[in-house]
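*Asks:* Sequence first, predicted coordinates after that:
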Amino acid sequence: MSAAMPDFQPLAYGPFAKLSGSASAYSKVKPIEPMLVEPKVELAQAVCKACPVTEMDTLTRALVLVFESHGHTIALIKTFIKQEVANNDGDGTLFRSNSAANKLMKNYAMLIGLPYLFETLAPIVREMAAAGRSHELDDSLVEDGSMANVNRYGLLSYTQRTLHEITKSVDKMPVQFRMICNSLIKEVKQRYPGQVQQACGNFIFLRFFVPAITAPDMYGLLPEPPTAETRRMLVLVGKSLQNLSNNVRFGTKEPFMVKMNDFIDSNQSTLKKFFKTVANVPQGTRAPRTQLIPRVEKHALLQVYRVMQDNQHMMINEMSELRATRVRDAVEEAMEKIGPVNINKV
């Protein structure tokens, strides 16, 4: 019997799920919304550049919610992907840092992808949890050192099966994921053709599948935290899948994981085929709009405005750098009319 799908709203909306606040504050800042979601997303770019690192998670989640209410999130993310590729200097950090582009993709995946994640991985993750084994590979962490080699086969089996569940799930994958991968490949291939697989892997695996595997209770895959033994096995599965997605073999950093290099070598062609299939989106495909709870959208706009208000001077300077003078002048005029708005932090 398959497990019942949980209520994903608290996970998808994060702190915005339980917020309550002033309707009058929302009506005051509402005039900013059309400027925020205009096609060039210049205001969104400027506020992200002005935003302190400590506020970036809240801001990007709020931006995703506001843009999704208008059906413009894919356009927003595509702009930030293009910007990240253009600004990267090829030092291997492409889509690996905590940039606005990465956080937008991660928060969007959480908003739209949790039912797909559950359908794809809940059965195998729950099977691993029921088994209750760590399948530890580190000789120093098992009483009988020879068991590490025995454990390798158990870990290989679970990791291979987990990969199989992922690679056969393309038809169930939200089309928005596929559109993002299409954009990643298109932009990265032009400038860094050798990093195409890593770019897709960092979105699909590093920001989505692997965190869910290693912390399944936080993504609704398990109803409660796993045991220490199960969590260790899930971490080892996650490490193996992440290195596979980046086409990086284990080495001196974690020598005990070298036992999983056969898995990485033997599945490269499978993964390349998977990414190619995922990114194959028919021209003219449109992303469906997620129906949001109205109060969530309102609180998201309030949080965006709070960050704008707290960092107004720098944000205005960033719009000047972008040569977004029309939007800059309109935003300055609107914020002057709105005046100070008392908005609590999330």
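*Replies:* Perfect, I can see it now. Numbers count the residues shown, from 1 in each chain.
*Asks:* For the nearest residue to Leu94 once chain neighbours are set aside, list the residues it contacts.
*Replies:* Distance criterion C-beta to C-beta, 6 or more residues apart in numbering; nearest residue to Leu94, sequence neighbours excluded, is Asn88 at 4.9 Å. All C-beta atoms are positioned from the backbone trio N, CA, C, and that covers glycine. The contact partners of Asn88, by C-beta atoms under 8 Å, 6 or more residues apart in numbering, come to 94, 191-192.
*Asks:* Helices of the stretch 1-150 of the chain, residue ranges please.
*Replies:* 9-13, 23-29, 33-36, 42-50, 56-70, 73-87, 100-131, 147-167 (DSSP state H, counting those that start in this stretch).
*Asks:* So which of these is nearest Phe177?
*Replies:* In terms of C-beta to C-beta, the element of the helices of the stretch 1-150 of the chain nearest to Phe177 is helix 100-131, at 6.5 Å.
*Asks:* Can you give me the buried ones in the closest one?
*Replies:* Under the neighbour-count criterion of 16 or more other C-beta atoms under 10 Å, helix 100-131 has 100-114, 116-118, 120-122, 124-126, 128-129 buried.
*Asks:* The residue most central in space within the chain: what's it in contact with?
*Replies:* For the chain, the residue nearest the mean C-alpha position is Lys106 (1.5 Å; C-alpha atoms, centre = their mean). Shown in contact with Lys106 (C-beta under 8 Å, 6+ apart): 207-208.
*Asks:* how about CSV for the helices of the stretch 1-150 of the chain, with mean pLDDT added?
*Replies:* Putting the helices of the stretch 1-150 of the chain into CSV (pLDDT from 0 to 100) gives the following:
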stretch, mean pLDDT
helix 9-13, 91
helix 23-29, 90
helix 33-36, 96
helix 42-50, 97
helix 56-70, 97
helix 73-87, 94
helix 100-131, 96
helix 147-167, 92
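*Asks:* For this structure, identify the residue most remote from the centre.
*Replies:* Max distance from the centre of the chain (C-alpha atoms, centre = their mean): Asp144, 39.3 Å.
*Asks:* could you measure that residue against Asn151, distance?
*Replies:* Applying C-beta to C-beta, to the nearest Å, the value for Asp144 to Asn151 is 10 Å.
*Asks:* again, but for Lys30
*Replies:* In terms of C-beta to C-beta, Lys30 sits 58 Å off from Asn151.
*Asks:* which one of these two has more residues nearby?
*Replies:* Shown here are Lys30 and Asn151; by other C-beta atoms under 10 Å, Asn151 has more neighbours (20 against 14).
*Asks:* Hmm, Leu19 is touching Lys345, no?
*Replies:* No: at 10.8 Å, Leu19 does not count as touching Lys345 under the criterion of C-beta atoms under 8 Å.
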